[in-house]
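>>> Below: sequence and its predicted model.
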Amino acid sequence: MARLLLFASAREAAGTPRDTIAGATVAEVLSGAKQQFGPSFASVLESCTVWLNGEECTPDAVVSESDEVAILPPVSGGANDFSAFTLPEVRALRTELQAAEDAVSFVRRLAQGRLDLVREEQRRRSTGEEALLDVTDGIARVFAAERGTGSNRPPRDTAVVAEHPLLGELEALCVESGFGNLRNLDDADLVSCRTVLAEFESRMSIERKQLFTRIDELSDELVQRYRTSSSDVDSLLDEGR
């Protein structure tokens, strides 16, 4: 089961901008949508790009009730041309990508924090320093030197559900690499744990930058519409209107 978001010609073929379709994978959701909306929709779908929670996906990607599958038809002017999209569609797509970026940024920070703890354990071993009995004191010292995010964007409220796939992926990696038992890992396993977390954090950073680019393109489209309309820019940028 997933929430299906339909844009431009896909919306027109389906006769609705959104629906809830049963299916355990993206392929099953799309199959159910084709059955529900008919051959005209199926024809449009052949040329569409499909996103899962703001990211392009493969047909075998697993979906849950909290996931959003977006169907985006090609547009005439290139990847960043949204002229074929209605104003509500541009807003909705930007909102979807912002939610995806919230999740990626949140999980990225969790990965960075855990990576910092692994590095701290390596530093402690290299100096021969005794392990602190009060673990919380060591954690506080590590996070007191927290790095900046590298972004000049203002913070937004973030609500990432505990069942989010990225959180599940990070937790699984931590279990497999022995993160929960750092002090009992041998040096080689500690290096392996650090590598696993670093690779995950790097992947999240790349995804975050890609999402920023897409969000900026959609914001530019909204501003462009402001310049060519009688509406004020706040009304165009306000998804709630």
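Structure's in. What do you need? These figures come from a predicted structure and were not determined experimentally. Numbering: from 1, shown residues only.
>>> Can you tell me how far the residue nearest to the spatial centre of the chain is from Leu115?
Computing the C-alpha centroid of the chain and ranking residues by CA atoms, centre = their mean puts Ala100 first, at 3.2 Å. Noted for Ala100: a distance of 22 Å to Leu115, by CB to CB, to the nearest Å. (Glycine included, C-beta is placed from N, CA and C.)
>>> do the same with Arg108
Arg108 is 10 Å from Leu115, by CB to CB.
>>> So for these two, which residues contact both of them?
Here Arg108 and Leu115 have Glu201 as joint contacts, going by CB atoms under 8 Å, 6 or more residues apart in numbering.
>>> what about the helices in the chain?
For the chain, helices defined by DSSP state H occupy the ranges 8-14, 26-37, 39-45, 87-127, 135-144, 165-177, 187-227, 233-237.
>>> winner for burial among the ones you listed?
For those, average neighbour numbers computed from mean count of other CB atoms under 10 Å are highest in helix 8-14, which has a mean of 20.
>>> Pull the residues that contact it.
6, 17, 33, 37, 40-41, 43-45, 48, 71-73, 75, 84-86, 89.
>>> and if we set it to 7 Å?
6, 17, 37, 40-41, 44-45, 48, 71, 73, 84-85, 89 (CB atoms under 7 Å, 6 or more residues apart in numbering).
>>> Below-threshold pLDDT in the protein: ranges please.
Residues of the chain meeting the criterion pLDDT under 70: 75-81, 132-159, 229-241.
>>> Looking at the record's assignment, how would you partition it?
Here the domain parsing of the chain from automatic domain parsing is 1-74, 97-207.
>>> can you put those domains in TSV and add distance to Leu222?
Converted to TSV, the domains of the chain look like this (distance: least, CB to CB, whole Å):
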stretch	distance to Leu222
domain 1-74	15
domain 97-207	13
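>>> what residues does stretch 160-173 touch?
Here stretch 160-173 makes contact (CB under 7 Å, 6+ apart) with 64, 66, 102-104, 106-107, 110-111, 196, 200.
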